[in-house]
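Here is my input; please provide its structure:
(chains A and B)
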Amino acid sequence: MKRTALAFLAAAALASSAVNVRAHAFLDHALPAVGSTVHGSPPELRLWFTQALEPAFSSVKVVDASGKQVDKGDSTVDAQDRELLKLSLPALAPGDYKVMWRVTSVDTHTTTGSFTIHIVP
Amino acid sequence: MDPLLLLSGLVRTGHYASVLLLFGSLVFARTVARPAVAAAARATAEGGRLRGFLAHVVAAALGATVLTALLWLWLLAASMSGRPLGAALEPRILALVLSATKFGHVWLMRMALAACLVPTVTILWRRGGMLEASSPATLALALAALLLAATGWAGHAGDESGADGDIHLGADMLHLLAAGAWIGALPGLVFLLTRASDEAARGWFRIAQAATPRFSALGLVSVATLLASGLVNSWFLVGSIPALVGTVYGRILLGKLALLLVMVAFAAFNRWHLMKHLAAEAVPRRAKEAALHALRRNAFIETLIGITILALVGTLVGTVPAAHQQPDWPFPYRLAASAFGLSSRGEAILVLAALLALAGAAGVLIGLISRIWWRTAAGFLVLVAALAMALPDFLVAAYPTSYYRSPVPYDAGAIARGLAVYQGNCAACHGPYGYGDGPVADTRSVKPSDLTDAHLFHVGVGTLFWWIGSGSADGAMPPFAQSLGERERWDVIAFLRAQADAEAANGMTAEVEPFRPVQAPDFTFQLPGHEQQTLASARGKALVLMVLYTLPESAPRLAALAAAAPAYAREGVEIVALPIEGALPSQAAAASFSALLAEPNPDVVAAYSLFRRVPGPEGVLPLPAHMEFLIDRAGYLRARWIPGRETGWGSVAALAREIAALDREPERPPPAAEHAH
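Residues are numbered from 1 along each chain as shown, chains lettered A, B, ... in the order given. Here you go, the predicted structure:
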């Protein structure tokens, strides 16, 4: 018990020592989650990054299996939370969709990435 | 290397060099040249030429600053918009960068400062006020300082908010100013020393004589500031020793530090050796000239090193800071606080070493006070011996991946994949539950490790990753790098963590116990009519009552929960029910409780099967068909209940008691997101 507590304390100290370290915006998590299966078409896509984004040069789009863009084209950085990128979606048919993002962090670095979500009825 | 990246690095280096030179030359004029010219007798003509040179340098540096800033804007417009260089010059794109980005705002502000500098520098040049206590000189210095310091705003430090961000930004700005005051002032010094050693005119020599101690003082202040502020910056951007020695960013930073130390060594030699010659009355003229030559050479070398450092900085700015990379540990050992787990023999050695160290330190002190050198030396030897005795207990074997963090988040998917890998590759030796008692365990020369041992994770996931891929040094554990990809190895490690945690979870009852750090593996779920959620997204907001059910046995309990759900919701409890097997029941079969039923998720069932085990006969741990978990607001598993075994949460009031117990607890931070991006 005591050892577990010590290990926990040590882990907490280690983890807290490096939390402020940033500089490029990487995808932290997303809803619908990266690679997940969603029941019914989600109305919105939300992507959280590890750093504040430049709204003018950060965007995300969703394409279907044939590569056609299917989102509403309104990707925006949240006004309150500059690390959150949002995109509205129309009602989408079941299938695999690719989410492609390209963002610029406030310290000028541009990063890109993509993931897939599976929509089922 | 990408040519655009290389070009960006060059432009940034050029920009930094220009701004440093601009600020440094003005600092040199103010703090070194002006007092030196005033102090040197019969040197009016020379003073005028020095003033002219500095005015030229300042004007050229200002021009280069603006030019490189324009190039930088162009390159960034290309990289931000993702267009080729030619297309990025479009006014619409440039306007967007300038009006809508932080870089653009800082850029505009800095160019406004540069615009103010143009008339000021022109006046200094025309009227020659560079070396006088004139207001244009003061104004130019202030403007150049702002222009240089503001560079920090657009960099890595410019993003963080709060007190940490302010400290980092402040340190960054101090760092820039100190670098400017030293490296940027060197060209002025090189010019002065070159004149003084080349020309016969004695005026130059007298100015140099007066200038060198002043420059040396300036350098001393700058170096102290550079080191202190650099340390703060490294802390924010590198964060740890492994990142410093194991990543490209960290290694470039170390190279920069090494170069700075070389510069410091030159400066120290100048100050305490050459300048003495220059200042002393008794030293013959020839020796003074030789010292002056050496000073000039050193100042020139320092300038070259300074430019190299700037080139490294230009590269650093464009690279991913060390905290985002996996650090490759270059040494076969690492220091570890293994003293917590020392054997009694180890503890005895440690106590002995501590006593010896005390005796040694006392010896050194006595030697120093009594000024008897052999006592100091003997004390020092004892101290070294004590350290040598104690060190082996703090050194543990380390591998290149020892400080890797898992790229895989701790979630149900990773654990489920890891479970499958474990069963196919590990269970034969380590056993179905990780106790090291698999069917072929007895045939091994060394008994397979008990993977549920709490010590397992003390070595760090990076070391586990190495052992799985490359085997253990004694050969007891075979390497799996050939059969398991990196992703699979990390998945197995996520599974091992869950398996070790399960030891604690499987002792949980319906009553909330004192806190144990058993993190509930994250998973996504979707309730009818709701969007997809994750357990992590509920953190800080709701307690989660997670129900793993099997129909039809669970139907009455689910119906009771559904009836109580509004009451629980008022208490801040979200109920999520997942089927252990099969699909969702038909609407008709589950009408009364369908609102609680999340979509089936086999990964969640597989991962949480580790936490669902109950004691059984002959080493088999059965899995009950219905189990409920209480997950606190920080995301930790806190209690579990198996209907029929205990009275437990059968009534709403009983569960409410446990919820109230959790509500009384102090707020706990959620588990750190440990995985590397």
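
What ranges does chain B have for its strands?
B:333-335, B:395-397, B:524-525, B:533-534, B:543-549, B:573-579, B:627-631, B:637-641 (DSSP state E).

In contact with the closest residue to chain A within the stretch 51-200 of chain B, which residues?
Residue nearest to chain A within the stretch 51-200 of chain B (Cβ to the nearest Cβ): residue B:100, separated by 3.7 Å. The C-beta positions use only the backbone N, C-alpha and C, and glycine is treated the same way. Residue B:100 sits next to A:54-56 when contact means Cβ atoms under 8 Å, 6 or more residues apart in numbering or on different chains.

Closest to chain B out of those?
Of all the contacts of residue B:100, chain B sits closest to residue A:56, with 3.7 Å by Cβ to the nearest Cβ.

one step back: out of the strands of chain B, the one nearest chain A is which?
When the strands of chain B are compared by Cβ to the nearest Cβ, strand B:524-525 sits nearest chain A, at 4.6 Å.

The closest one and chain A, any residue contact?
Yes: contact between strand B:524-525 and chain A, assessed by Cβ under 8 Å from any Cβ of the partner chain, occurs at residue B:524.

Tell me the spatial nearest neighbour of residue B:623, not counting adjacent residues.
Distances taken as Cβ to Cβ, 6 or more residues apart in numbering or on different chains put residue B:612 closest to residue B:623, at 5.0 Å, once the chain neighbours are dropped.

which residues touch the one you found?
With the criterion set at Cβ under 8 Å, 6+ apart, residue B:612 makes contact with B:548, B:623-624, B:627, B:640.

Just put the residues you listed in CSV and tack on pLDDT.
Converted to CSV, the contacts of residue B:612 look like this (pLDDT from 0 to 100):
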residue, pLDDT
B:548, 94
B:623, 88
B:624, 88
B:627, 92
B:640, 91
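
Kindly state the pLDDT recorded for the residue nearest to residue B:623?
What the model reports for residue B:612 is a pLDDT of 91.

for the one 3 residues further on, same thing?
On the pLDDT scale, residue B:615 is placed at 82.

repeat for residue A:15
For residue A:15, pLDDT reads 34.

can you redo the strands of chain B as TSV with distance to residue A:88 and mean neighbour count?
Shown next, in TSV, are those (distance: least, Cβ to Cβ, whole Å; neighbours: other Cβ atoms under 10 Å in any protein chain shown):
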stretch	distance to residue A:88	mean neighbour count
strand B:333-335	49	15
strand B:395-397	53	15
strand B:524-525	20	24
strand B:533-534	19	20
strand B:543-549	28	23
strand B:573-579	26	22
strand B:627-631	31	24
strand B:637-641	36	24
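
lowest confidence element among the helices and strands of chain A?
helix A:2-17 (a mean of 38; mean pLDDT, DSSP states H and E).

Sheet partners, orientation included, of the helix or strand that that one is followed by?
As assigned by DSSP states H and E, the chain's next helix or strand after helix A:2-17 is strand A:27-31. For strand A:27-31, the paired strands and their directions (DSSP bridges) read strand A:44-49 (antiparallel).

residues making contact with the helix or strand following the strand it pairs with?
The helix or strand immediately downstream of strand A:44-49 is strand A:59-63, counting by DSSP H and E. For strand A:59-63, the external contacting residues (Cβ under 8 Å, 6+ apart) are A:45, A:47, A:69-71, A:73, A:75, A:85, A:87, A:89, A:97-103.

ok, the spatially most central residue of chain A - contacts?
Nearest to the mean C-alpha position of chain A, by Cα atoms, centre = their mean, lies residue A:47 at 2.6 Å. Residues near residue A:47 by Cβ under 8 Å, 6+ apart: A:27, A:30, A:60, A:84-86, A:99, A:101.

Which entries within those meet the buried criterion?
Neighbour-count burial (16 or more other Cβ atoms under 10 Å in any protein chain shown) applied to the contacts of residue A:47 gives A:27, A:30, A:60, A:84-85, A:99, A:101.

which one among those residues gets closest to chain B?
Lowest distance from chain B to those (Cβ to the nearest Cβ) belongs to residue A:27, with 7.4 Å.

what bridges to the closest one?
residue A:49.

Quick check, pLDDT for it.
90.

Test my guess that it contacts residue A:102.
No: taking contacts as Cβ atoms under 8 Å, residue A:27 lies outside contact range of residue A:102: 11.3 Å.

before we move on, back to that, closest one to residue B:53 among the strands of chain B?
strand B:333-335 (52.2 Å; Cβ to Cβ).

quick one: strands adjacent to that closest one?
Strand B:333-335 has the following sheet partners, assigned by DSSP bridges: strand B:395-397 (antiparallel).

contact partners of the partner strand?
B:332-336, B:338, B:459, B:473.

Kindly reformat those residues as CSV containing distance to residue A:36 and pLDDT.
Listed next are the contacts of strand B:395-397 as CSV, based on distance: Cβ to Cβ, whole Å; pLDDT from 0 to 100:
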residue, distance to residue A:36, pLDDT
B:332, 42, 84
B:333, 42, 81
B:334, 38, 80
B:335, 41, 74
B:336, 38, 71
B:338, 41, 54
B:459, 32, 83
B:473, 40, 81
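
shouldn't residue A:100 be in contact with residue A:114?
Yes: the criterion here is Cβ under 8 Å, and residue A:100 meets it with residue A:114 at 4.4 Å.

ok, back up a step: whichever of the contacts of strand A:59-63 end up buried, select them in PyMOL.
Applying 16+ other Cβ under 10 Å to those, the buried members can be selected in PyMOL as follows:
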select buried, chain A and resi 45+47+70+71+75+85+87+89+97+99+101+102+103
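
Not counting its neighbours along the chain, what's nearest residue 72?
Went with chain A since none was named. residue A:88 (4.3 Å).

I was thinking of chain B, sorry if that wasn't clear
Spatial nearest neighbour of residue B:72, chain neighbours left out: residue B:11 (5.2 Å); criterion: Cβ to Cβ, 6+ apart.

gap between the one you found and residue B:133?
For residue B:11, the distance to residue B:133 (Cβ to Cβ, to the nearest Å) stands at 36 Å.

Neighbour count for those two, which is higher?
residue B:11 (21 against 10; other Cβ atoms under 10 Å in any protein chain shown).

thinking again about what came up before, closest to residue B:532 among the contacts of residue B:612?
After measuring those against residue B:532 - Cβ to Cβ - the closest member comes out as residue B:548, at 19.2 Å.

so who does that closest one touch?
For residue B:548, the contacting residues are B:577-580, B:605, B:608, B:612, B:626-629, by Cβ under 8 Å, 6+ apart.

Same question for residue A:31.
Residue A:31 neighbours (Cβ under 8 Å, 6+ apart): A:42, A:45-46, B:531-534, B:537.

Which one of those is nearest to residue B:412?
residue B:534 (10.1 Å).

Spit out the contact partners of residue B:325.
B:243, B:247-249.

Quick check: pLDDT value at residue B:317.
With respect to pLDDT, residue B:317 has a value of 68.

Same check on residue B:411?
For residue B:411, the model assigns a pLDDT of 92.

residues touching it, list them.
If you count contacts by Cβ under 8 Å, 6+ apart, residue B:411 has them with B:494, B:521-523, B:607.

Under the pLDDT cut-off, which ranges of chain A? List them.
Within chain A, the segments meeting pLDDT under 70 span A:1-23.

Please repeat the previous calculation with a cut-off of 90.
Across chain A, the ranges flagged by pLDDT under 90 are A:1-26, A:28, A:35-37, A:39-40, A:50-52, A:105-111, A:120-121.

Show me what the longest helix along chain B packs onto, helices and strands only.
Longest helix of chain B, by residue count under DSSP state H: helix B:44-81. Packing partners of helix B:44-81 (3 or more Cβ pairs under 8 Å, 6 or more residues apart in numbering or on different chains; DSSP states H and E): helix B:3-28, helix B:34-39, helix B:85-88, helix B:91-100, helix B:102-127, helix B:186-198, helix B:202-237.

count of residues packed around residue 42?
All of this refers to chain A. Neighbourhood size, residue A:42 [other Cβ under 10 Å]: 20.

nope, chain B
As a burial measure, residue B:42 scores 10 neighbours (other Cβ under 10 Å).
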